[in-house]
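Chemist: coordinates only, sequence not included:
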Ligand SMILES: Cc1cc2nc3c(=O)[nH]c(=O)nc-3n(C[C@H](O)[C@H](O)[C@H](O)COP(=O)(O)O)c2cc1C
């Protein structure tokens, strides 16, 4: 399985890091594209350099390289997830504005009917954000907001991160044990 992991300049770099870590553990091919704002936020939130993220992946593509194999629908991959997804990138994808490689690969997903999982991170959401996410959903993207649950009794930040990453993996069709599914307590 080949998964493209797009990382944009929203808060929540820990989600991308954890997803790549799990994909690597499961020996699933991952291809990273990281925007320039994402690289700055990565340094700020995780004190990591982009190369340290790229090392978790099978390969990375430069976001400005629109001649990359990934810029063509003829390059085959199974799904893309954009995690975290900024409102700027969500807006550009919703408008078909493929001005960088990450946006172009998302556009390819929509035109080729390949799964696109968008993990938006912003709060509060204005009407423009909501309309763009609706457009993406209508165009075939799956929206998984970076919005962890608490019904699995998280004890650590890692539990919250794993819940969200687990939901992404579920939709990618990857088995995981990152959180326990809900079961009503015995009465
Ligand atoms: C520390 C920091 C945190 C940010 N967090 C968010 C966020 O959570 N969501 C968002 O939509 N934009 C956020 N932004 C703004 C985006 O980085 C900005 O809109 C940028 O143009 C996104 O570009 P990109 O989508 O190409 O990565 C943040 C910016 C900074 C500096």
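Modeler: The structure has been received and is ready for your questions. Since the model is a prediction, treat every value here as computed from it, not as a measurement.
Chemist: contacting residues for residue 73?
Modeler: Residue 73 sits next to 108, 111, 112 when contact means Cβ atoms under 8 Å, 6 or more residues apart in numbering. Heads up, the C-betas are built off the backbone N, CA and C, glycines and all.
Chemist: list the buried ones in the helix or strand containing the first one?
Modeler: When elements are defined using DSSP states H and E, residue 108 is found to belong to helix 101-112. For helix 101-112, burial by neighbour count (16 or more other Cβ atoms under 10 Å) applies to 101, 102, 103, 104, 105, 106, 107, 108, 109, 110.
Chemist: where does this structure come near the ligand, residue by residue?
Modeler: Contact residues, the chain versus the ligand (Cβ under 6 Å from any ligand atom): 8-11, 35, 37-38, 41, 44, 86-89, 121-122.
Chemist: so which of those sit within helices?
Modeler: Those of these mapping onto helices are 37, 38, 41, 44, 87, 88, 89, per DSSP state H.
Chemist: and the pLDDT at the nearest residue to the last one once chain neighbours are set aside?
Modeler: Here the nearest residue to residue 89 in space, its sequence neighbours aside, is residue 8; by Cβ to Cβ, 6 or more residues apart in numbering that works out to 4.3 Å. Listed pLDDT for residue 8 reads 98.
Chemist: kindly report the same for residue 151.
Modeler: 89.
Chemist: now residue 2
Modeler: On the pLDDT scale, residue 2 gets 97.
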